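Q: Provided below are the primary sequence and the corresponding predicted coordinates.
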Amino acid sequence: MTMPDKKTAIIIGAGPAGLTAAYELLNKTDIKPIIYEMTEDIGGISKTINYKGNRIDIGGHRFFSKSNRVMHRWQNMLPSQMLTRTRLSRIFFLRKLFDYPVSLNLNTFSNLGFMRIIKICLSYIKTRFSPIKDEVSLEDFFINRFGKELYLTFFKDYTEKVWGIPCNKIGPEWGVQRIKGLSISKVLLHAVKKQKNTETSLIGQFLYPKLGPGQMWEQVARIIKEKGGKIYLKHKVIGLKHHDDNKIVEAVVKEKTTNELITKTADYFFSTMPVKELIQSLGDGVPQEVQQVAQGLIYRDFITVGLLLRKLKIKNKTGIKTINNIIPDNWIYIQERDVKLGRIQIFNNWSPYMVKDKNTVWIGLEYFCNEGDELWNKDDESFAKFAIDELAKIDIIEKEDVLDSIVIRMPKTYPAYFGTYDKFYIIRDFTDKFENLFLIGRNGMHRYNNQDHSMLTAMTAVENIINNIKSKHNIWAVNTEDEYHEDK
Ligand SMILES: Cc1cc2nc3c(=O)[nH]c(=O)nc-3n(C[C@H](O)[C@H](O)[C@H](O)COP(=O)(O)OP(=O)(O)OC[C@H]3O[C@@H](n4cnc5c(N)ncnc54)[C@H](O)[C@@H]3O)c2cc1C
């Protein structure tokens, strides 16, 4: 008697969500995972690039989660490799450093000046007495929590740099997810009590692998292969075929070097590819309305410039002891209006193991842009020069201290909560009908999910298969402590 073939699952993408799905399947089921990853790298947006011995993330990646399950997974995956870091991130504005979150201390008062402080207090009091009743935009969300003046000083320009459109054109959902329970009263309480705080924006400590987030995901990939899972790099899923309405039957995959097309059947399909592209890959059978919403989904893209420096011009005046007396921040928000630069990561402070020569300073400059716009299309050399000029202009470095640079572009880093996002439920209703298709992760669900949320969506999807739960509701419920409008 021949044994029936093992069931298989095709997983699109080798980022945290796809790798976690494969890991869970191997540990808890008999289903064999096959991952197709279109790039040459493991880790998706959470990868780490090794440039001549200096390692850089696509934006620094904190390992922090409210889920004990995720925290344990991380610690068990890389025992002895996880560093516990104390977060320090400040805001650079008026060529000065402010605490983040903004705290009402002497430094803030002297940096802002008496008149600005009075204006901030008065506008906050006004908001307390007459808040905006119907919060329809991110601008309303900020004003109701911080007052108009504080919003104009610290939130408006930075948020517009990130999203490329005015805050009054962005829905309030982004604030709900990103800033969650943060408010002036919590900021004050935090400043006074330094309490154990788990609001996403205030997290005081986090874990970080010695060699960056990529180390975590490369380790997971190693285990997947050891346990018999398959990972194919440079393989892009371009089509998903469905013979009837509620089952996907096969994937069409393009091998990137030879352009060879492969068709592969499977029992389950997990997608972490951008929802916009997933809907395209489903072909002509997709209802017009679903196609229209998918076409209207918007993404923000990202460029980071790794800069190797002899030293920084900006001095450490904090009293915190650091190697070579570099300023102690993990990252700095650049609020200055005369530069396009959004954030600086100081990788020496994430992990000394990220830097090849401890006498140098290794930083990442972050720019938010749209694929194909002026910034995106600059060639690497002129982009690096532009970034160095900006950093010198705001007095953070001297140009002659630059030793080396690398420019890295990453498309679709931020799924946006504008465009057709308010009709996203139409896509969800359609994709949820395919009982063997699971949308998981960040772009996979078009949601501002961090690594932990991406992992939890994968874990929940696998549990649904094990427990024969047909509804996808619990997957969509991850990372929604504040209820979503589409669920109402
Ligand atoms: C600047 C920045 C900072 C961040 N900081 C943090 C942080 O501090 N902490 C934290 O926990 N999270 C952070 N995140 C979020 C984190 O990066 C994501 O949550 C996580 O990487 C999402 O995992 P994922 O697997 O869902 O998606 P991704 O990481 O996007 O991986 C998806 C993978 O699918 C592949 N793919 C796409 N389409 C196809 C296709 N058609 N065929 C085959 N493969 C395909 C992609 O190449 C990619 O490798 C940050 C994100 C950004 C942009």
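A: Noted; the coordinates are in hand. Residues are numbered from 1 along each chain as shown.
Q: Using just helix, strand and coil, how would you label whichever residue of the stretch 51-200 of the chain sits closest to the ligand?
A: The ligand sits closest to residue 59 of the stretch 51-200 of the chain, with a gap of 2.4 Å, by Cβ to the nearest ligand atom. Every residue, glycine included, has its C-beta placed from N, CA and C. Following DSSP: H, G, I helix; E, B strand; the rest coil, the label given to residue 59 is coil.
Q: Residue 276 now?
A: Per three-state DSSP, the local secondary structure of residue 276 is helix.
Q: what's the nearest residue to it if we skip its chain neighbours?
A: residue 297 (4.7 Å; Cβ to Cβ, 6 or more residues apart in numbering).
Q: That neighbour touches residue 417, doesn't it?
A: No - the criterion here is Cβ atoms under 8 Å, and residue 297 misses it with residue 417 at 10.1 Å.
Q: Extract the C-alpha set from the helix or strand hosting residue 368 and format it as CSV.
A: Using DSSP states H and E, residue 368 falls within strand 361-369. Listed next in CSV are the C-alpha coordinates belonging to strand 361-369 (Å, rounded to 0.1, in the frame of the first residue of the first chain):
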residue,chain,number,x,y,z
VAL,A,361,30.6,55.6,13.6
TRP,A,362,28.1,53.6,11.4
ILE,A,363,24.8,55.4,10.8
GLY,A,364,21.7,54.9,8.6
LEU,A,365,19.9,58.0,7.1
GLU,A,366,16.3,57.3,6.3
TYR,A,367,14.2,58.9,3.6
PHE,A,368,10.6,58.2,2.9
CYS,A,369,9.6,58.5,-0.8
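Q: wait, does that strand contact the ligand?
A: No - shown here: strand 361-369 not in contact with the ligand (Cβ under 6 Å from any ligand atom), separated by at least 6.5 Å.
Q: can you give me the mean pLDDT across that strand?
A: In this model, strand 361-369 carries a mean pLDDT of 98.
Q: Note down every partner strand of it and its orientation.
A: For strand 361-369, the pairing partners within the sheet under DSSP bridges are strand 299-309 (antiparallel), strand 343-346 (antiparallel).
Q: show me the contacts for residue 85.
A: Residue 85 makes contacts with 62, 205, 206, 207, 208, 330, 349, 350, 351, as judged by Cβ atoms under 8 Å, 6 or more residues apart in numbering.
Q: The third one belongs to a strand?
A: Yes - the assignment for residue 206, made by three-state DSSP, places it in a strand.
Q: Look up the residues forming beta bridges with it.
A: Judged by DSSP bridges, the bridge partners of residue 206 are residue 85.
Q: Write out the residues of the stretch 51-200 of the chain neighbouring the ligand.
A: Within the stretch 51-200 of the chain, the positions near the ligand by Cβ under 6 Å from any ligand atom are 58, 59, 61, 62.
Q: I'd like the residues you listed as a markdown table, with pLDDT and neighbour count appended.
A: Formatted as a markdown table, these follow (pLDDT from 0 to 100; neighbours: other Cβ atoms under 10 Å):
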| residue | pLDDT | neighbour count |
| --- | --- | --- |
| 58 | 96 | 24 |
| 59 | 93 | 19 |
| 61 | 97 | 24 |
| 62 | 96 | 22 |
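Q: Let me have the residues you listed in TSV, extended by distance to residue 356.
A: Putting these into TSV (distance: Cβ to Cβ, whole Å) gives the following:
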residue	distance to residue 356
58	19
59	21
61	20
62	23
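Q: So which of these is the closest to residue 371?
A: The shortest gap between residue 371 and any of these belongs to residue 58, at 14.7 Å (Cβ to Cβ).
Q: ok now do the closest one, which residues does it touch?
A: Shown in contact with residue 58 (Cβ under 8 Å, 6+ apart): 45, 46, 47, 49, 302, 304, 408, 410, 413.
Q: hmm, try it at 6 Å
A: By Cβ atoms under 6 Å, 6 or more residues apart in numbering, the residues touching residue 58 are 45, 410.
Q: What helix or strand is the closest residue to the ligand within the stretch 301-450 of the chain located in?
A: Taking Cβ to the nearest ligand atom, the ligand has its nearest neighbour within the stretch 301-450 of the chain at residue 441, 2.2 Å off. Assigned by DSSP H and E, residue 441 belongs to neither a helix nor a strand.
Q: could you pull out the strands for the stretch 301-450 of the chain?
A: All strands of the stretch 301-450 of the chain, identified by DSSP state E, counting those that start in this stretch, fall at 331-334, 343-346, 361-369, 402-415, 437-439.
Q: From the contact counts, what lies against the helix or strand following the shortest one?
A: Helices and strands here follow DSSP H and E; after strand 437-439, the next one along the chain is helix 451-466. For helix 451-466, the contact count by 3 or more Cβ pairs under 6 Å, 6 or more residues apart in numbering; DSSP states H and E identifies helix 16-28, helix 473-476 as packing neighbours.
Q: give me phi/psi at residue 338?
A: The phi/psi pair for residue 338 (degrees, to the nearest 10) reads phi -90, psi 10.
Q: Residue 235 versus that one, what's the distance?
A: Distance from residue 338 to residue 235, counting by Cβ to Cβ, to the nearest Å: 44 Å.
Q: between these two, who's got more neighbours?
A: Using other Cβ atoms under 10 Å as the criterion, residue 338 and residue 235 rank with residue 235 on top: 24 against 8.
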